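Q: Model the structure of this input:
(chains A and B)
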Amino acid sequence: MMKKNRSYIDSVHFYGRIWCLLALCVMLLVPTLMSLHLKAWPDLGIVGKAFAATAVLFYPTAVVEVIAYAPLLGAGGTYLSFLTGNIVNLKLPCALNAMENVKVKANSEEGEVISTISIAASAIVTTLIIAVFVLIFAFNPKFTALMQSDTLAPAFKQVTYSIFGAIAATYFVKHWKLAIFPLAMVSLLLVFFGSIPIGILIFVGVIISLLGAQAMYKLKWV
Amino acid sequence: MFQDFKSDPFMFCIVIGVILFVIAQSLFFLIRAVKRAKALGISNEKIKNTISSSAVFSIAPAISIAVTVLVLSVALGYVLPWIRLSVIGAISYEVPAAENAIEAAGLSSGIGADITDPKIFTAVAWVMSLGCILPLILIPLILKKIQKKVTGAVNKNAKWADIMAAAAFIGLICAFLGRGIAGTGELATNDAGEKINVTIGDGAGILSLAAIVSSILFMLALTLLNKKLQWKWLEAFSMPVAMILSMAVVVLISHFAPGLAAIEWRY
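A: A predicted model of the protein is given here:
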């Protein structure tokens, strides 16, 4: 009876939580199995020290990422994206592109399902492509050399710019008034502080953009 | 290959298990979402287009993720980086996590040298895994609350909520575009272990600008073509096509004008 009364979105949360817990077990099982198999349990002091250094750096970012991306990804999209990773450079643009194509809004139920479909398809394809390519790398040094050649390697370093250029063309044409201020401010900031890590830069860019949009909304410019 | 303890057959079995888990979860959500989409009246054609365009969209970024496995494979073999970049991971996080663990173990080589001690290898595996699990704990606790707040804001003032959602994503886009226009690359470590700025092809320069500008132009041209010729089939694929074409421009510049390609104004 409970199942019948549960709305789609509630069931996404219900199953999403179960999958998250399972994923947590899988994540911890990987190093456990490796340690058992190699009969090599690491020194706790080393793990603790390195974990502290890593957590200080990335745990605050993780909190910000969950809060910032969840409204854009939708519930199903968030559960899926945070398991498979590569959110900002793949899952998020992929889902937004799909919602744009079907002309649905991120905060509607139609947006929720389209985002989930898009991210699920992306996760499957990405996982399989990584598997195929890593196997080729592992067994075919010639192919590895080709992928790391001076001709091909630069293209892979620029892939994020290729993604965001295409997205900018779609979003900036539609919302050019909203885009001018944050783009100018972020570029100016980078002129003085060029090495800001991308995680912080995204946070700053989003805050600047939201403040600018709020001001324009109040002034009735948008 | 299989002789290395980091990439032995058992390790490959672990990675196969992880891949099956990721695919099972994705299929579970995919099937349920497709059923719901049909119930909401979204046409089969739109659903199919969403799946195929998302698949095509993912090809080039997925290959670039696979290439980053190579960066970590020198020290860690193929299996661990493969798992880490298939689940939760992203290269910007995995490299510092691995380096922290290697450094804590007293090695100064970072990720540049092969790890031969299984105890150090498992230490790296534990740190990389523990360092990225926070979202899996956080999301079950707070996601529903976040979604409720967003729905509340949308119901209260839909126009404002739409503008804010667009602004948030535009801020994100600006961070990446800004980086390609004026950002410096990642710092590298020299032999003395100091962080130094070197040109390694990731600072703002000709290639990053070429990728951004050509991608924008291809996307605008494709959008215009779609409107003029009413090529419905192309509409869903415009973005991945623009992305791949702009990567081709980068390849052409690197191949035919390596001197030009090496120009970086921020490095």
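
Q: hmm, stretch A:49-62 touching chain B?
A: Yes. Remark: stretch A:49-62 sits within contact range of chain B at A:49-51, A:53-55, A:57-59, A:62, by Cβ under 8 Å from any Cβ of the partner chain. To be clear about C-beta, it is placed using only N, CA and C from the backbone, and glycine gets the same treatment.

Q: A:Ala40: which of these is nearest?
A: Proximity of those to A:Ala40 (Cβ to Cβ) peaks at A:Ala50, which lies at 15.9 Å.

Q: pLDDT averaged over the one helix or strand that closest one maps to - what is it?
A: With the criterion set as DSSP states H and E, the secondary-structure element containing A:Ala50 is helix A:44-84. Here helix A:44-84 scores 90 as its mean pLDDT.

Q: quick one: contacts of the helix or strand just after it?
A: As assigned by DSSP H and E, the chain's next helix or strand after helix A:44-84 is helix A:92-102. Surrounding helix A:92-102, the residues in contact under the criterion Cβ atoms under 8 Å, 6 or more residues apart in numbering or on different chains are A:69, A:72-74, A:77, A:81, A:105-106, A:110-111, A:114-115, A:117-119, A:122, A:163-164, A:167, A:170, B:42, B:46, B:49-50, B:53-54, B:57-58, B:169, B:172, B:235-236, B:239.

Q: now the angle between helix A:44-84 and helix A:92-102, please.
A: Angle between the axes of helix A:92-102 and helix A:44-84 is 10 degrees (criterion: axes from the mean of the first three to the mean of the last three Cα atoms, to 10 degrees).

Q: Spell out the secondary structure type for B:Leu107.
A: Following DSSP: H, G, I helix; E, B strand; the rest coil, the label given to B:Leu107 is coil.

Q: how much space is there between it and chain A?
A: Computed as Cβ to the nearest Cβ, to the nearest Å, the B:Leu107 to chain A distance reads 11 Å.

Q: ditto for B:Asn226
A: Spatial separation of B:Asn226 from chain A under the definition Cβ to the nearest Cβ is 11 Å.

Q: ChimeraX command for the buried members of the residues of stretch A:49-62 next to chain B?
A: Here is the ChimeraX command that selects only those of the residues of stretch A:49-62 next to chain B that count as buried (16 or more other Cβ atoms under 10 Å in any protein chain shown):
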select /A:49,50,51,53,54,55,57,58,62
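
Q: Save the residues of stretch A:49-62 next to chain B as a markdown table, and put in distance to B:Leu225 too.
A: What follows is the residues of stretch A:49-62 next to chain B, written out as a markdown table (distance: Cβ to Cβ, whole Å):
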| residue | distance to B:Leu225 |
| --- | --- |
| A:Lys49 | 56 |
| A:Ala50 | 52 |
| A:Phe51 | 52 |
| A:Ala53 | 51 |
| A:Thr54 | 47 |
| A:Ala55 | 49 |
| A:Leu57 | 45 |
| A:Phe58 | 42 |
| A:Tyr59 | 46 |
| A:Ala62 | 41 |
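
Q: Following element in sequence after the worst-scoring helix or strand of chain A on mean pLDDT, please.
A: Taking all helices and strands of chain A together, the one with the lowest average confidence (mean pLDDT, DSSP states H and E) is helix A:2-5, at a mean of 52. If you walk from helix A:2-5 toward the C-terminus, the next helix or strand you reach (DSSP H and E) is helix A:8-38.

Q: Quick check, A:Ser35 in contact with B:Phe121.
A: No. Checked against Cβ atoms under 8 Å, the pair A:Ser35 and B:Phe121 is beyond contact range at 9.4 Å.

Q: how near is the residue nearest the centre of chain A to B:Leu143?
A: If you average the C-alpha coordinates of chain A and look for the closest C-alpha using Cα atoms, centre = their mean, you land on A:Ile87, 1.1 Å from that point. Between A:Ile87 and B:Leu143 the distance is 14 Å, computed by Cβ to Cβ, to the nearest Å.

Q: Show me which positions of the helix or strand where B:Ile212 lies end up buried.
A: When secondary structure is defined using DSSP H and E, the element that contains B:Ile212 is helix B:206-229. When burial is assessed from 16+ other Cβ under 10 Å, helix B:206-229 yields the following buried residues: B:206-220, B:222-223, B:226.

Q: elements contacting that helix?
A: Secondary-structure packing of helix B:206-229 (3 or more Cβ pairs under 8 Å, 6 or more residues apart in numbering or on different chains; DSSP states H and E): helix A:159-174, helix B:158-182, helix B:232-235, helix B:238-256, helix B:258-261.

Q: Give me the contacts around it.
A: The set of residues external to helix B:206-229 that reach it, using Cβ under 8 Å, 6+ apart, is A:154, A:157-159, A:161-166, A:168-170, A:173, B:177, B:179-181, B:201, B:231-232, B:234-235, B:238-239, B:241-243, B:245-247, B:249-250, B:253-254, B:260-264.

Q: Buried ones among those?
A: Those of these that meet the buried threshold are A:154, A:157-159, A:161-166, A:168-170, B:177, B:179-181, B:201, B:235, B:238-239, B:241-243, B:245-247, B:249-250, B:253-254, B:261-262, B:264, by 16+ other Cβ under 10 Å.

Q: okay, stretch B:78-93 in PDB with CA atoms only?
A: Output for stretch B:78-93, consisting of C-alpha atoms alone and laid out as PDB, is shown next (Å, rounded to 0.1, in the frame of the first residue of the first chain):
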ATOM      1  CA  TYR B  78      45.500   1.100 -14.200                       C
ATOM      2  CA  VAL B  79      42.900  -0.400 -11.900                       C
ATOM      3  CA  LEU B  80      42.800   2.000  -9.000                       C
ATOM      4  CA  PRO B  81      42.700   5.200 -11.200                       C
ATOM      5  CA  TRP B  82      40.200   3.500 -13.400                       C
ATOM      6  CA  ILE B  83      37.900   2.800 -10.400                       C
ATOM      7  CA  ARG B  84      38.400   6.200  -9.000                       C
ATOM      8  CA  LEU B  85      37.600   8.000 -12.200                       C
ATOM      9  CA  SER B  86      34.600   5.800 -12.900                       C
ATOM     10  CA  VAL B  87      33.000   6.400  -9.400                       C
ATOM     11  CA  ILE B  88      32.700   9.900  -7.900                       C
ATOM     12  CA  GLY B  89      36.100  10.900  -9.000                       C
ATOM     13  CA  ALA B  90      37.400  13.800 -11.100                       C
ATOM     14  CA  ILE B  91      41.100  14.300 -11.900                       C
ATOM     15  CA  SER B  92      41.300  17.600 -10.100                       C
ATOM     16  CA  TYR B  93      40.500  15.800  -6.900                       C
END
